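Enquirer: Build me a structure from this.
(chains A and B)
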Number of protein chains: 2
Amino acid sequence: MDDIQSQFVEKILANTSAALKTTGEAFAPSNIALCKYWGKRDASLNLPINSSLSISLGKLGTRTSIRVSDVDRVVLNGAELDAESSFALRVQGFLNLFRPALGDPCFEVITENNIPTAAGLASSASGFAALVLALDQLAGWNLGRRELSMLARMGSGSASRSVFEGFVLWHAGCLTDGTDSYAHRLDYEWPEFRIGVLELTASAKPVGSRDGMNRTVETSALYESWPAQAGADLVAIRDSIASRDFRLLGKTAERNALSMHATMLSAWPPLLYLMPESIEQIHKVQRVRSNGLEIYLTIDAGPNIKLLFLADNEQDVCAAFPNLQVIRPFD
Amino acid sequence: MDDIQSQFVEKILANTSAALKTTGEAFAPSNIALCKYWGKRDASLNLPINSSLSISLGKLGTRTSIRVSDVDRVVLNGAELDAESSFALRVQGFLNLFRPALGDPCFEVITENNIPTAAGLASSASGFAALVLALDQLAGWNLGRRELSMLARMGSGSASRSVFEGFVLWHAGCLTDGTDSYAHRLDYEWPEFRIGVLELTASAKPVGSRDGMNRTVETSALYESWPAQAGADLVAIRDSIASRDFRLLGKTAERNALSMHATMLSAWPPLLYLMPESIEQIHKVQRVRSNGLEIYLTIDAGPNIKLLFLADNEQDVCAAFPNLQVIRPFD
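Expert: Next up is the predicted model:
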């Protein structure tokens, strides 16, 4: 916790009054970015260089409850975490931001992910979003979604998007104090939208996203072109959602993801999250698509591939990719 | 053959007089770019967007003889090619540029590559360089190396570098008539310099380099940053050769190659020459290097990996990469 972070949280909580309840509980969905967040303009406030756009994953996400306790405790998927484990430390560090406003309590946090293990779906996004929503309930702040989005952002950038369902846009903002960098839901449903998760590897990433994006911004010459491309991609994806132009959405999302990986490839030392299996599946998607199946892919900062397609093609896609886990975000 | 190409060749041959001999014969080495040529500013004259820098491969390359004949014939590695095969057509098209100056003869071309098959070493570079050198002998033009480099360029961009041994710099030039885009040898020897060829796959590339670079220039947003990066890389590599700073050379060459592949990855449709085996070997190089072995890699527009190292480490590199074919460019 640094002064800048404390001042930011104070600002967000300025017009609230706490009325501590016994417990707070909330669910937040995981999300997959169609236009990726890659690069920070401010590490302390988690302010991104570019705006991003995601789809929330409906019932897949994190349920968290929080209550005041005599010591800090974090229970993840039924098991109490060592207080010195990196996840427990990260949660405690995040809660430190809110203790002054609540009379310096300790907290018990019980959190459950129903995201399939190792599917390469970020749990930190839904995790910090659910924690903020639960905390808002506990404290009785009754904050608006915009403020909740900004508080979730302090835990993990992409968590700012997980306080909403459906298609979500996270504005990069331009203010240095971070008060214009929040997400909002786009007013479109697309019930036929499908995401297919190809689980390729469950091994931990050799370099975390935070370090990966810093290394890219600092050392990749090609990163210079990224913000403009991401800006153009975001507009194209938003338009494609409004007009239900799946081809435009898919193509733009795929190119956006591969371009993000491209910026990493030109970093030093080179960042290559893709594994041999990832390349095999990318080539397979290209092959299947050239045979006429309308299917695109996206990849986060990791090796796993997510497929994008519409309900009409679900059967064919599942035939081409056995063991695919299909997600229906608007179910 | 178009007018612009004919005019260019006329200009280069302007101060020569032909004195046709019975036969011309020459050898030209293959070359590997340490700073890659990627993107044309003029397709007709094969003028590049960025300057490039390569190392010629000593005795590995192409030996070609040419003589006047009653019909066009191309014999490659002992087998006469079908006149309609793509390689024979490419050779004939190239020779068309020179027939007017020599009284419209037909030619028999006999060409032998001693480059290991499928090692991912370009044979078009050494092939067109050897053809131009042999043609110069046959015609008795007695052209300088700079002019020979420009004529070889008309067959294949990277052939402009294969008329020289050692480290070679190909100037992009800026004139629209192509007369300032030629290669020259850098005046440095580095006898300890080693290249290791990892033969991963012998399959033909799904998209040729020419089409690949055009697609990248036309559709990749990240390509915008490439010319400036290549320019900076070239200066760093030239300096590293002058000061024998192998670490700087290796790092810059590796990042340059991966950045070229990065520009392809952000093209549409995405260009992914890398195969699962390539990724495995890139990860292995990173692992071996982080264990202290001074080794770097470069990759052309294909799946095969070339290792860069110094003589001192040859034994350790061969132990880590069995079946490595080691090339000593200054032998």
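
Enquirer: In three-state terms, label the residue of the stretch 51-200 of chain A found nearest chain B for me.
Expert: Nearest residue of the stretch 51-200 of chain A to chain B (Cβ to the nearest Cβ) works out as residue A:200 at 11.2 Å. Using the backbone N, CA and C atoms, a C-beta is placed for each residue, glycine as well. Classification of residue A:200 using DSSP: H, G, I helix; E, B strand; the rest coil returns coil.

Enquirer: shaky segments in the stretch 1-150 of chain A?
Expert: The stretch 1-150 of chain A contains residues with pLDDT under 70 at A:1, A:116-122.

Enquirer: Show me which residues of it sit near chain B.
Expert: Within the stretch 1-150 of chain A, no position is near chain B by Cβ under 8 Å from any Cβ of the partner chain.

Enquirer: picking that back up, how about the contacts made by the residue of the stretch 51-200 of chain A closest to chain B?
Expert: For residue A:200, the contact set (Cβ atoms under 8 Å, 6 or more residues apart in numbering or on different chains) comprises A:120, A:275, A:277-278, A:281, A:303-305.

Enquirer: ok, what's across the strand from residue A:193?
Expert: Counting by DSSP bridges, residue A:193 is bridged to residue A:310.

Enquirer: quick one: contacts for it?
Expert: Contacts of residue A:193 (Cβ under 8 Å, 6+ apart): A:55, A:308, A:310-311, A:328-330.

Enquirer: what sits up against stretch A:268-279?
Expert: Taking Cβ under 8 Å, 6+ apart as the rule, stretch A:268-279 contacts A:200-201, A:205, A:207, A:212, A:215-216, A:219-220, A:261, A:264-265, A:282, A:299, A:301-305, B:251, B:254-255, B:258, B:272, B:274-280, B:282-283, B:286.

Enquirer: For that stretch, what is the distance to the chain centroid?
Expert: Taking Cα atoms, centre = their mean, to the nearest Å, the mean C-alpha location of stretch A:268-279 is offset from the chain mean by 21 Å.

Enquirer: pLDDT of that stretch, averaged?
Expert: The pLDDT scores in stretch A:268-279 average 96.

Enquirer: Settle this for me: residue A:169 is touching residue A:188, isn't it.
Expert: No. Using Cβ atoms under 8 Å, residue A:169 is not in contact with residue A:188; the gap is 10.9 Å.

Enquirer: With neighbour numbers in mind, choose between the two.
Expert: Neighbours were tallied for residue A:169 and for residue A:188 using other Cβ atoms under 10 Å in any protein chain shown; the higher tally belongs to residue A:169 (20 against 14).

Enquirer: any idea how far residue A:101 is from that one?
Expert: Distance from residue A:169 to residue A:101, counting by Cβ to Cβ, to the nearest Å: 29 Å.

Enquirer: Residue ranges of each domain in chain A, please.
Expert: As recorded under automatic domain parsing, the domains making up chain A are A:3-185, A:193-327.

Enquirer: what about the first one, start to end distance?
Expert: Start to finish, the residues bounding domain A:3-185 are 30 Å apart (Cα to Cα, to the nearest Å).

Enquirer: quick check, distance from it to the centre of its chain.
Expert: Using Cα atoms, centre = their mean, the offset of domain A:3-185 from its chain centre is 11 Å.

Enquirer: what does the shortest one give?
Expert: Here the centre of mass of C-alpha atoms in domain A:193-327, compared against the chain's by Cα atoms, centre = their mean, lies 14 Å away.

Enquirer: what distance separates the start and the end of that domain?
Expert: Domain A:193-327 end-to-end distance (Cα to Cα) = 9 Å.

Enquirer: Please list only the buried members of the contacts of stretch A:268-279.
Expert: A:200, A:205, A:207, A:212, A:215-216, A:220, A:261, A:264-265, A:282, A:299, A:301-305, B:251, B:254-255, B:258, B:272, B:274-279, B:282, B:286 (16 or more other Cβ atoms under 10 Å in any protein chain shown).

Enquirer: quick one: which of the contacts of stretch A:268-279 sit in strands?
Expert: residue A:305 (DSSP state E).

Enquirer: coming back round to it: nearest residue to the residue of the stretch 51-200 of chain A closest to chain B in space, please, no chain neighbours.
Expert: Computed as Cβ to Cβ, 6 or more residues apart in numbering or on different chains, the closest residue to residue A:200 that is not its neighbour in sequence is residue A:277, at 4.3 Å.
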